[in-house]
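>>> Give the three-dimensional model of this entry:
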Amino acid sequence: MERCYGAKVRLHLLPALGPVEVAKLDADRVLMALRGARRFKHSGRAGDAAQETRQRLSPRSVQMCWVILKAALNWAAKKKKLPSNPLHGERGPKVEKALGATMHAWTPEQVLSFLATAKSAAENAASPESRRSFQTLHAIWTLLLTSGLRISEALGLEWADLDASAGLLHVRAQLVAQKGMDPFRGPLKSTNSRRTIPLTAQALAALEGLGGGQGWIFKTSRGSPYSPRNINRAWGKAVARAALPRIRLHDARHTAVSLLLGAGLDRYSVARHAGHTVATMEGTYAHVLQKQQQAVADTMTRLLQGPEAKP
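So this is what the prediction gives:
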C-alpha cells in the first residue's frame with residue numbers, strides 16, 4: 001500500500017500543489033489544486049505522445065490525495081516539523097456516486113443459471129489448461145455471488161485464509177494492483193472489512209475443487225493473481241454466455257447482499273458479513289430495506305386487528 005500512496009504523491013499531489021510552502025497550505029487552496037489536477041491517459045499506443053490526453057482526477061482520487069496529505073501533515077505536526085496541521089479539523093471532499101452507476105442484482109434463479117453455465121464451461125473445456133482456468137473462474141463467481149466479497153478481497157485471498165474444516169474464510173487483506181507494479185496484498189478498505197465469514201456449501205465445494213496449496217487461491221497458469229481488469233473481461237464473457245441480463249462485476253456483491261436482505265435477515269448480520277457498516281448498507285440498499293419496513297407495518301397491522309377482523 002505504501003507504493004500506492006507513493007504513486008499518488010508523485011503523480012498527483014506534488015504536480016497539483018506545485019512549489020508552495022507547507023506553512024501556507026490551507027483547505028481551500030488544497031481542494032482547489034486537487035480538483036483542477038489532471039493525469040495523463042493514453043488513448044492510443046503506449047508511448048505515442050500524440051495520443052496522450054490529460055483528464056481530471058476522479059473524485060475518488062481527489063479524496064485519497066486529501067487523506068494522504070492530511071495524514072502527512074499530521075505526522076509532521078506531531079514531530080514538531082510544523083507548528084500545526086493546517087488541514088486539522090477541515091472536512092475533505094466527498095465522493096459522490098457516479099451517474100449511471102446504478103446498482104443491479106440478479107434473482108436466485110438467475111444466479112443458479114449463471115453458475116450452472118460457468119460450471120458447464122469448465123466441464124466441457126477443450127484442454128486441461130482451459131479447464132483449470134474455467135474452474136477457477138467458476139470458483140470466483142460462486143464466492144462473489146454467495147458471500148458478497150469485494151472483488152479485490154476475493155482476488156487477494158491466500159490458502160492460509162481458508163479454514164476448510166470449519167467452513168470459514170478469513171478476510172484479512174485485499175489485492176492491490178497498480179500499473180507498473182507487481183500485485184501485492186494490501187490493507188483492507190476499512191476496519192469493518194476485516195472479518196471471518198462462514199462459507200456456503202457451494203462456495204466451499206468450489207474452492208476445495210481447486211485443490212488447495214500455498215499462496216494465492218485464484219492464480220493464473222503462471223502462478224500470479226488474476227488482475228481485476230482480466231476478471232472484469234472474463235465476467236462479461238461469462239454473463240453473455242449465460243444469456244442473462246448484463247450486470248457489472250461489482251453487482252455480484254450487490255446481488256449477494258440484496259438476496260440476504262430480501263430473505264429477511266437482519267441488517268446487522270448482513271452488514272457484518274459483507275464488511276459494511278450498518279449506516280452504509282442502509283443507504284446503499286434502501287430499496288431492499290424498504291420492503292422490510294413495509295413488512296413491519298403489515299405485521300403491526302395484523303397484531304392490532306381485533307378478533308372480529310380475523311377470518
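
>>> What ranges does the chain have for its helices?
For the chain, the helices defined by DSSP state H cover 2-8, 14-17, 27-36, 59-78, 108-123, 128-147, 151-155, 201-208, 228-242, 251-262, 267-274, 278-284, 286-304.

>>> can you list the weak-confidence ranges in the stretch 101-250 of the chain?
Applying pLDDT under 70 to the stretch 101-250 of the chain flags the ranges 101-102, 180.

>>> any idea how far residue 63 is from residue 291?
32 Å (Cβ to Cβ, to the nearest Å). Using the backbone N, CA and C atoms, a C-beta is placed for each residue, glycine as well.

>>> Settle it for me: which of those two has more neighbours?
For residue 291 versus residue 63, neighbours defined as other Cβ atoms under 10 Å are more numerous around residue 63 (16 against 11).

>>> Confirm for me that the more buried one is in contact with residue 70.
No: with contacts counted by Cβ atoms under 8 Å, residue 63 stays clear of residue 70, the gap being 10.7 Å.

>>> where do the contact lists of these two overlap?
Common contact partners of residue 63 and residue 70 (Cβ atoms under 8 Å, 6 or more residues apart in numbering): residue 92.

>>> So for residue 163, what's the nearest residue that isn't a sequence neighbour?
In this structure, residue 163 finds its nearest non-sequential neighbour in residue 170, 7.0 Å apart by Cβ to Cβ, 6 or more residues apart in numbering.

>>> Please apply the same query to residue 86.
residue 25 (4.9 Å).

>>> residue contacts, residue 67?
residue 92.

>>> Distance of the residue nearest to residue 250 when sequence neighbours are not counted relative to residue 108?
Nearest residue to residue 250, sequence neighbours excluded (Cβ to Cβ, 6+ apart): residue 151, at 6.8 Å. Distance from residue 151 to residue 108, counting by Cβ to Cβ: 21 Å.

>>> okay, the two: which has more neighbours?
Using other Cβ under 10 Å as the criterion, residue 151 and residue 108 rank with residue 151 on top: 20 against 12.

>>> Is that one in contact with residue 228, as I believe?
Yes: Residue 151 is within contact range of residue 228, at 6.0 Å (criterion: Cβ under 8 Å).

>>> what separates residue 149 from residue 240, distance-wise?
Relative to residue 240, and taking Cβ to Cβ, residue 149 is found at 23 Å.

>>> Tell me which of the two has more neighbours.
For residue 149 against residue 240, the residue with the higher neighbour count under other Cβ under 10 Å is residue 149, and the figures read 28 against 10.

>>> Pull the contacting residues for that one.
By Cβ under 8 Å, 6+ apart, the neighbours of residue 149 are 143, 171, 253, 275.

>>> Tabulate these in a markdown table, adding columns for distance to residue 121 and neighbour count.
Output for the contacts of residue 149, formatted as a markdown table (distance: Cβ to Cβ, whole Å; neighbours: other Cβ atoms under 10 Å):
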| residue | distance to residue 121 | neighbour count |
| --- | --- | --- |
| 143 | 17 | 26 |
| 171 | 27 | 20 |
| 253 | 22 | 24 |
| 275 | 29 | 23 |
